[in-house]
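Peer 1: need a 3D model of the following:
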Amino acid sequence: MIRKFISRVFNGKKARPGHHEPAVIPVSTHGITRDRISSGSRRVCETLQENGHKAYVVGGAVRDLLIGAEPKDFDVATDATPEEVRRAFRRSRIIGRRFQIVHVMMGQEQIEVTTFRGQLGEDTKKDEHGRVLHDNVFGSQMEDAARRDFTANALYYDPTTEAVVDYHHGVGDLKQKTLRMIGEPRARYREDPVRMLRAVRLAAKLGLSIDPEAKRPIREMAVLLENVPAARLFDEMLKLLTSGHSVKCLTQLRDEGLHHGLLPMLDVILEQPMGEKFVMLALANTDERIRRGKGTSPGFLFACLLWHEVLAHWEKLKSAGEPKIPALFQAMDTVLDVQAEKLAITRRIAGDIKEIWLLQPRFEQRAGKRPYGLLEQPRFRAGYDFLLLRAESGEVDKELAEWWTRFQNADGEERAQMLLPEQAGDKKRRRRRKKPANAGSVPAAE
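Peer 2: Presented below is the predicted three-dimensional model:
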């Protein structure tokens, strides 16, 4: 009854429109004026319309504007084929295999343009679990709306008329704060298991409740995530961690039983009191930075998530007699290799993660020239922020973090006075590393 009432209010009709008849909601009702749409997406829509095509700002941007949030991206959907879009814009390129899209550059803005997708046929290429592998099937706007995942994402905004076209009662569902799946949830999850992760992320980010019909199958179908390419899982995990609501997302991931398909060790980490405290502090810190408009580092985030697993491996290796630093290298490689099976962490990000971890034992060295050398490290700030989280979670003594806070802000003379006396073992190791007087350019033997 509530949905029917909302439908009558927003559609300006006596009854809810039929399945094939969308609601066309005027600007006087929804309140989104064209000046709230990015200039790049407006120009893309106008150019395509001038060339005889339909073109709309679509999906998340429309959804976010309706709930009063600031969209991150403005995507466009059109009945023009990728080749037709490519010909209409000089600065554009076609990308994608599973489904082709066009990236159009408008000044510094990159607009993602997709062709309306058609209904899946009997000959659609799928894997044995039902996941769609190839999807370059184009269709009508109505078919495209039916192919989208949630009703809140099946909304089309025309910058020319300022109207919102709504095929699946998405505006009404947003008013009811409900995330509702389009179509039968089990079938939609089989087509693309990542939709389960997206449901958790969007619900947490937008403050929506997942519709019971869409929520019910998630736990039992979580195993399907094992068949998703590691690169896609990594992209979705990164979106989740940088949503500004990562603590809520992570908690809900665990509640829905989805964490096993993302970070295989996450369950173990969150069962360790100190590990959970450290992870939650790191994510809360990240959420706060995003809300304040500050940048975040994927390397720092994943370094935080995986640190206590590295720590556990490191302690075992040291207990078995492995030297401290070689043991750390071995522990890092073990943890990252396991993650690589599920998440395609890029080589660059993996390098950032390792640098942050490797700086941690160096913070313990507060004598001689070593503290000065550490300050010059490119990753010092990230390593220091990591140390602060370790101290706040109780993993290391707060005195250590406080010392480094004072040391980096002190002047030259004050820094020298702060240095701790060198131990005998430190002096001996330094003497062994010195070159013989007649060695020339040949390194001294270890």
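Peer 1: every contact and neighbour count from this point should use C-alpha atoms.
Peer 2: Noted.
Peer 1: how about stretch 76-88: buried residues?
Peer 2: Val76, Ala77, Thr78, Asp79, Ala80, Thr81, Pro82, Val85, Arg86, Ala88 (16 or more other Cα atoms under 10 Å).
Peer 1: quick one: contacts of that stretch?
Peer 2: The contact list for stretch 76-88, computed with Cα atoms under 8 Å, 6 or more residues apart in numbering, reads 41, 44-45, 47-48, 51, 53-58, 92-94, 100-102, 111-116, 138-141.
Peer 1: give the rounded mean pLDDT of that stretch.
Peer 2: Taken as a whole, stretch 76-88 has an average pLDDT of 96.
Peer 1: go on, stretch 197-214?
Peer 2: Rounded mean pLDDT across stretch 197-214 is 92.
Peer 1: can you give me the end-to-end distance of that stretch?
Peer 2: 12 Å (Cα to Cα, to the nearest Å).
Peer 1: ok, stretch 364-382 next?
Peer 2: End residues of stretch 364-382 are separated by 16 Å (Cα to Cα).
Peer 1: who's in contact with that stretch?
Peer 2: By Cα under 8 Å, 6+ apart, the list of residues contacting stretch 364-382 reads Phe300, Glu355, Ile356, Leu359, Arg362, Phe363, Leu400, Gln408, Leu419, Leu420, Pro421, Glu422.
Peer 1: how about Pro378, secondary structure?
Peer 2: coil (DSSP: H, G, I helix; E, B strand; the rest coil).
Peer 1: with respect to Tyr384, which of the buried residues of stretch 76-88 is nearest?
Peer 2: Val76 (41.9 Å; Cα to Cα).
Peer 1: let's verify that closest one: helix, strand, or coil?
Peer 2: strand.
Peer 1: please renumber so the chain begins at 19
Peer 2: Taking 19 as the first residue, the last one we looked at is Val94.
Peer 1: quick one, helices of the stretch 169-318 of the chain?
Peer 2: 188-193, 203-209, 212-224, 230-233, 236-239, 248-259, 264-273, 284-289, 291-309, 316-337 (DSSP state H, counting those that start in this stretch).
Peer 1: which among those helices is found nearest to Leu354?
Peer 2: helix 316-337 (8.5 Å).
Peer 1: report all helices and strands that that closest one contacts.
Peer 2: helix 284-289, helix 291-309, helix 342-358, helix 365-377, helix 398-410 (3 or more Cα pairs under 8 Å, 6 or more residues apart in numbering; DSSP states H and E).
Peer 1: follow-up on the earlier one: wait, which of the contacts of stretch 382-400 is closest to Gln194?
Peer 2: Using Cα to Cα, Phe318 comes nearest to Gln194 of the contacts of stretch 382-400, at 36.8 Å.
Peer 1: what separation do you get for the closest one and Lys195?
Peer 2: Taken as Cα to Cα, the span from Phe318 to Lys195 is 33 Å.
Peer 1: look at the residue nearest to Phe318 when sequence neighbours are not counted and report its pLDDT.
Peer 2: Distances taken as Cα to Cα, 6 or more residues apart in numbering place Ile371 nearest to Phe318, at 6.3 Å, with adjacent residues excluded. Listed pLDDT for Ile371 reads 96.
Peer 1: state the number of residues packed around Ile371.
Peer 2: 25 (other Cα atoms under 10 Å).
Peer 1: give me the neighbour count for Lys336.
Peer 2: 15.
Peer 1: got the contact list for it?
Peer 2: Lys342, Ala345.
Peer 1: what's the separation between it and Arg384?
Peer 2: 22 Å.
Peer 1: Thr260 too?
Peer 2: 34 Å.
Peer 1: for Arg219, grab the count of nearby residues.
Peer 2: Residues near Arg219, counting by other Cα under 10 Å: 25.
Peer 1: isn't Thr314 right up against Arg307?
Peer 2: Yes. Using Cα atoms under 8 Å, Thr314 is in contact with Arg307, at 7.3 Å.
Peer 1: measure Val328 to Ala349 for me?
Peer 2: Distance from Val328 to Ala349, by Cα to Cα: 5 Å.
Peer 1: correction: Ser158
Peer 2: In terms of Cα to Cα, Ser158 sits 53 Å off from Ala349.
Peer 1: and these two? Which one has more around it.
Peer 2: Ala349 (21 against 15).
Peer 1: surely Arg165 touches Phe156?
Peer 2: No. The criterion here is Cα under 8 Å, and Arg165 misses it with Phe156 at 10.9 Å.
Peer 1: where do the contact lists of these two overlap?
Peer 2: Joint contacts of Arg165 and Phe156 (Cα under 8 Å, 6+ apart) are Arg135, Gly136.
Peer 1: can you report how many residues lie near Gly313?
Peer 2: Neighbours around Gly313, by other Cα under 10 Å: 10.
Peer 1: give me the number of residues near Pro344?
Peer 2: 13.
Peer 1: what does the pLDDT read for it?
Peer 2: 96.
Peer 1: quick one, what contacts Arg165?
Peer 2: Taking Cα under 8 Å, 6+ apart, one finds Arg135, Gly136, Gln137, Ile200 in contact with Arg165.
Peer 1: before we move on, back to that, would you mind giving me the PyMOL syntax to select the buried ones in the contacts of stretch 94-106?
Peer 2: To isolate the buried ones among the contacts of stretch 94-106 in PyMOL, judged by 16+ other Cα under 10 Å, type:
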select buried, resi 59+62+63+65+66+71+72+73+74+75+76+110+111+112+118+119+120+129+130+131+132+133+134+156+157+159
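Peer 1: show me the contacts of stretch 94-106 that map onto helices.
Peer 2: Applying DSSP state H to the contacts of stretch 94-106, the entries found in helices are Ser59, Val62, Cys63, Thr65, Leu66, Gln159.
Peer 1: could you redo these as JSON lines and give each row pLDDT and distance to Ser227?
Peer 2: Below are the ones in helices among the contacts of stretch 94-106 laid out as JSON lines (pLDDT from 0 to 100; distance: Cα to Cα, whole Å):
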{"residue": "Ser59", "pLDDT": "97", "distance to Ser227": "30"}
{"residue": "Val62", "pLDDT": "97", "distance to Ser227": "34"}
{"residue": "Cys63", "pLDDT": "98", "distance to Ser227": "32"}
{"residue": "Thr65", "pLDDT": "97", "distance to Ser227": "38"}
{"residue": "Leu66", "pLDDT": "97", "distance to Ser227": "36"}
{"residue": "Gln159", "pLDDT": "96", "distance to Ser227": "27"}
